[in-house]
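Engineer: Can you look at this prediction? I've put the sequence above it.
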Amino acid sequence: MKLQHRASVAASPERVWALLMDVPRVAACVPGVETVTAEGEDRYRGRFRVQVGPVRLSLEGDVELTERDDAAHRAVMRANGTDARMGGGVRAVIALSLVPGTSTDLIVDSDVQILGRIGELGQPLIKRKADEIMSTFAKDLARTVRA
């Protein structure tokens, strides 16, 4: 499933980029993220809890920053998480880029694979939840970058 989200942040690209590349700090802006710990250079482990429709998921997994271009303000991350109780998981490749302007636009392109029983929730429900999470994330990111 391919998703694209765009958010506007009233801050310079440099400030937004610095926050985005501080993964443990920016993870606090993502609703449902409970823990994030560094596992080495550009590798992190964490837990994410979310309710999608009637189902509560507790995904544990890792995130790796696989590409990073500070000059162009572009990065690619790979994320993998599993929910042992549900018997499924999520794999995602997430591309982040910034577009400068009056404010800074953050563009997030995600290619997400839903594995196992989690996929039974259906793409429309999953997309709606992803849109909701991104909306909250954008507000928290803007508030954090201004602080």
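Structural biologist: In hand now; what should we look at? Residues are numbered from 1 along each chain as shown.
Engineer: Does S8 lie in a helix or a strand, and which?
Structural biologist: strand 2-9 (DSSP states H and E).
Engineer: Next SSE downstream of that strand?
Structural biologist: helix 13-20.
Engineer: Remind me what the strand holding S8 packs against, helices and strands.
Structural biologist: strand 104-116, helix 123-146 (3 or more C-beta pairs under 8 Å, 6 or more residues apart in numbering; DSSP states H and E). Yep, even glycine has a C-beta here, placed from its N, CA and C like the rest.
Engineer: C-alpha coordinates for that strand, PDB please?
Structural biologist: Presented in PDB, the C-alpha positions along strand 2-9 are these (Å, rounded to 0.1, in the frame of the first residue of the first chain):
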ATOM      1  CA  LYS A   2       1.400   3.400  -1.000                       C
ATOM      2  CA  LEU A   3       0.700   6.400   1.100                       C
ATOM      3  CA  GLN A   4       1.700  10.000   0.700                       C
ATOM      4  CA  HIS A   5       1.300  12.700   3.300                       C
ATOM      5  CA  ARG A   6       2.300  16.400   3.300                       C
ATOM      6  CA  ALA A   7       2.500  18.800   6.200                       C
ATOM      7  CA  SER A   8       3.500  22.400   6.500                       C
ATOM      8  CA  VAL A   9       5.800  23.500   9.300                       C
END
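Engineer: Quick check: mean pLDDT of that strand?
Structural biologist: What strand 2-9 shows for mean pLDDT is 95.
Engineer: List the neighbouring strands of that strand plus their orientation.
Structural biologist: strand 104-116 (antiparallel) (DSSP bridges).
Engineer: now the partner strand, how far from the chain's geometric center?
Structural biologist: 7 Å (C-alpha atoms, centre = their mean, to the nearest Å).
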